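Novice: build the 3D model from these lines:
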Amino acid sequence: MTKFFRTNDDSPDDEELEEEIKTMYPGFVYRVSDSPALPQVPMHIVVPFLGRLRFVRDWNGVLLLAFVVLCFMYSIFTTTFIIILPQYQDGNLSGPFALFYGFLNVMCLLTLLNVSTMNPGEVTSQDTDDYKDPAVSSYCKTCHLNRPPRGYHCVKCGHCVRRMDYHYTWLNNCVGADNHHLLLLFLVYTFLLCLTTLTLVMFHLYKFPKCISCDREAFYIKHSIWLVYIQNILCVIIGFQTFVSIVVQHLNIIMNRTILENIFLSPVYETKKRTKFQAYAELFKTKSVWLWFFPCRRKAMAVPQRGFFHP
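Specialist: Here you go, the predicted model:
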């Protein structure tokens, strides 16, 4: 399982709390003294038109990420060739609705690509000058670098991450200060896609007539009922999980918390009161709400180093 090292010298050394956490999450939380050898650092791949992509060399993460992509491909193929195209050709489905479905698929794949390949906020030697003040920083005994107080060390990635939320194995990447907004976008677009797909499946099973223009001898048409049932099960499971994740992320964002801080029972980090809009504006680094939904936008660099998401 993913192991994290909390190497904050200022953190309380409570043995009972450590044992309680290890009991709740067996094989999960370790201190530096228990840490095994670090893996290789993430590699970077240069892809034409996509640029320099981050890639964590973890086979479990690669397989889970491949499974996520496979589920998307299955959903796109089944819904497009069994429901959308035949019903659109027969005049039972409008063009704008089909375009909306395609838009959701594109946004899901774009956010998945970005959140799984973007640097989550790695703490490097160039950042040490910004975190020399012991009152607002901590020292990582594994990286031998100063880091923000809310930074954690991830053994999968081999470095510390600023305001680390969690290492999501199914994304094969950490989520931190620089790509947290992409995780939220991916969850929102995936949930909308699941709702749209479930709506199409229900109409296909109970409302739409049998297709006239489709090739009834095609394999996916002859066995469409089973393919659609599998699609329905996937949408229910993934939709429920993404809905729960959205609720958890929303609560953490407005309360200024992360998944790891909840696991480690860290004290509440507060600097000032803020509204829900301010919380999301700081997460997306812009007050223009319409820009929040664009996954390819680079977050503004002219942001104060100390704040809710960049302490």
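Novice: only C-alpha atoms for contact and neighbour calcs from this point on.
Specialist: Noted.
Novice: so what's residue 189 closest to, chain neighbours aside?
Specialist: Nearest non-adjacent residue to residue 189, counting by CA to CA, 6 or more residues apart in numbering: residue 108, 5.7 Å away.
Novice: what about the host helix or strand of that neighbour, distance to the chain center?
Specialist: If you go by DSSP states H and E, residue 108 is part of helix 95-117. Put simply, helix 95-117 sits 15 Å off its chain's centre (CA atoms, centre = their mean, to the nearest Å).
Novice: now for the helix or strand that it is followed by, which elements pack on it?
Specialist: Beyond helix 95-117 in the direction of the C-terminus, DSSP H and E gives the next helix or strand as strand 138-140. Packing contacts for strand 138-140, counted by 3 or more CA pairs under 8 Å, 6 or more residues apart in numbering; DSSP states H and E, involve strand 145-147.
Novice: within its sheet, name the partner strands of the strand it packs on and how each one runs.
Specialist: strand 138-140 (antiparallel) (DSSP bridges).
Novice: quick revisit: how far away is the residue nearest to residue 189 from residue 192?
Specialist: Going from residue 108 to residue 192 by CA to CA, to the nearest Å gives 10 Å.
Novice: settle it for me: which of these two has more neighbours?
Specialist: Neighbours were counted for residue 108 and for residue 192 using other CA atoms under 10 Å; residue 108 has more, 23 against 19.
Novice: quick check: pLDDT value at residue 16.
Specialist: Confidence at residue 16, expressed as pLDDT, is 48.
Novice: what's the answer for residue 50, then?
Specialist: 68.
Novice: longest helix anywhere in this protein?
Specialist: helix 224-255 (DSSP state H).
Novice: by contact count, what packs against that one?
Specialist: For helix 224-255, the packing partners by 3+ CA pairs under 8 Å, 6+ apart come out as helix 59-78, helix 180-206, helix 276-284.
Novice: and those helices: which comes nearest residue 88?
Specialist: With distances scored as CA to CA, the stretch of the helices and strands packed on helix 224-255 nearest to residue 88 is helix 180-206 (12.0 Å).
Novice: any idea which helix or strand comes after the closest one?
Specialist: Defined by DSSP H and E, the subsequent element after helix 180-206 is helix 219-222.
Novice: for residue 144, grab phi and psi.
Specialist: Its backbone dihedrals place residue 144 at phi 60, psi 40, with angles given as degrees, to the nearest 10.
Novice: ok, it - how many residues close by?
Specialist: 10.
Novice: residue 230 versus that one, what's the distance?
Specialist: 49 Å.
Novice: which residue is most remote from the mean position of the protein?
Specialist: residue 212 (40.8 Å; CA atoms, centre = their mean).
Novice: for the residue nearest the centre of the chain, which non-adjacent residue is closest in space?
Specialist: Centroid-nearest residue in the chain: residue 183, 3.2 Å away (criterion: CA atoms, centre = their mean). Of all residues not flanking residue 183 in the chain, residue 115 sits nearest, at 6.1 Å (CA to CA, 6+ apart).
Novice: returning to that earlier point: buried set for the longest helix of the chain?
Specialist: 224, 227-228, 231-232, 234-236, 238-239, 242-243, 245-246, 249-250, 252-253, 255 (16 or more other CA atoms under 10 Å).
Novice: what does stretch 276-295 give?
Specialist: Within stretch 276-295, the residues scored as buried using 16+ other CA under 10 Å are 279-280, 282-286, 292-293, 295.
Novice: got any ranges where the stretch 151-300 of the chain has weak pLDDT?
Specialist: The stretch 151-300 of the chain contains residues with pLDDT under 70 at 265-272, 297-300.
Novice: pull the contacting residues for the residue lying closest to the residue farthest from the centre of the chain once chain neighbours are set aside.
Specialist: Beyond its immediate neighbours in the sequence, the residue positioned closest to residue 212 (CA to CA, 6+ apart) is residue 90, lying 6.6 Å away. Applying CA atoms under 8 Å, 6 or more residues apart in numbering, we find residue 90 in contact with 211-213.
Novice: can I get those residues in CSV with distance to residue 72?
Specialist: Below are the contacts of residue 90 laid out as CSV (distance: CA to CA, whole Å):
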residue, distance to residue 72
211, 24
212, 27
213, 26
